[in-house]
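K.L.:
Got a predicted model here, sequence first, then my questions.
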Amino acid sequence: MALESNSNKTTTTLTTLLFKLLDDAPLRPCTRDKSNTIALTDAEDRRSTPFAVADGGALITSGLYKMIKSSRDQPQQMDNSFWRSCAPPRIQFFAGLVLHGRLQCKTNLFKKKIVDNVTCEVCGGAPETTEHLLFFCPFSATVWQRLGVQLGEDVTARDLLHLQRPESLPPAHFDTFVLLCCWQLWKRRNGFVFRQESMSLLQFMQNCKLDARAWSCRLPRRDMSVSDLWCSAFSLAM
Ligand SMILES: [Zn+2]
């Protein structure tokens, strides 16, 4: 038992460390001299990570993913239950960023001096925190309201997998349903910010339905009909 406990502590530390390393990857090119002092250069800015093959090399994500995933059964010092959802691995990783406060919303980018303001570019009416982006930005709030998911005023990103389920949605895999919606909200936000795409509520719900159908094969065979109920909910919310 002691060994298991120590192992769990180790994986907790690893998970936290890995998210932090990814988050703190340096932006500005630098070199180390013989005294191991970091010196800035005039080269063009680029992001790098200690997990790259070599300086400037590609990030090796497979090892990272395996190490982080090894924490899936640890106690809940951190909420890592997203690993048990039926969402695809990259969406599970997205959930990890949300729950660990590492999503690259503008307030987090501002802290790292990557952007010069925190205003939400979608609505222009509030700082873009993770909570604003996923829950309170007017479009996001409308999505949850149309789906019948009630959000408290004090809901936080850490509540992501504990939102109150409406009776109209099946209890099985509700965490996966929530991740699907959040992933689509994040994609819509990125489409707006980076490609000036304005997606209507109808288009959004149609995209959610496409994901629901695509993810159905990830559900246990006995629960595959759950995705049909999700599609019905998205149709009703259009
Ligand atoms: Zn907004």
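P.N.:
Arrived safely, thanks for sending. Keep in mind that what you see is a predicted model, and the values were worked out from it rather than measured.

K.L.:
Residues in contact with whichever strand or helix holds Val143: which ones?
P.N.:
Under the criterion DSSP states H and E, the helix or strand holding Val143 is helix 138-147. Contacts with helix 138-147, where a contact means C-beta atoms under 8 Å, 6 or more residues apart in numbering, come from 122-123, 125, 133-135, 150-151, 166, 169, 181, 185, 188, 201, 204, 233-234, 236-237. The C-beta positions use only the backbone N, C-alpha and C, and glycine is treated the same way.

K.L.:
taking these one by one, which sit in helices?
P.N.:
181, 185, 188, 201, 204, 233-234, 236 (DSSP state H).

K.L.:
JSON lines for the residues you listed, including distance to Ile91?
P.N.:
Converted to JSON lines, the ones in helices among the contacts of helix 138-147 look like this (distance: C-beta to C-beta, whole Å):
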{"residue": "Cys181", "distance to Ile91": "11"}
{"residue": "Leu185", "distance to Ile91": "12"}
{"residue": "Arg188", "distance to Ile91": "15"}
{"residue": "Leu201", "distance to Ile91": "21"}
{"residue": "Phe204", "distance to Ile91": "16"}
{"residue": "Ala233", "distance to Ile91": "18"}
{"residue": "Phe234", "distance to Ile91": "17"}
{"residue": "Leu236", "distance to Ile91": "23"}
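
K.L.:
Tell me the one among those residues nearest to His100.
P.N.:
Closest approach to His100 among the ones in helices among the contacts of helix 138-147 (C-beta to C-beta): Leu185, at 18.1 Å.

K.L.:
Tell me, how many residues neighbour the nearest residue to that closest one once chain neighbours are set aside?
P.N.:
Among residues not flanking Leu185 along the chain, Ser140 sits closest, at 5.3 Å (C-beta to C-beta, 6 or more residues apart in numbering). The tally of other residues near Ser140 (other C-beta atoms under 10 Å) stands at 24.

K.L.:
Noted, bye for now.
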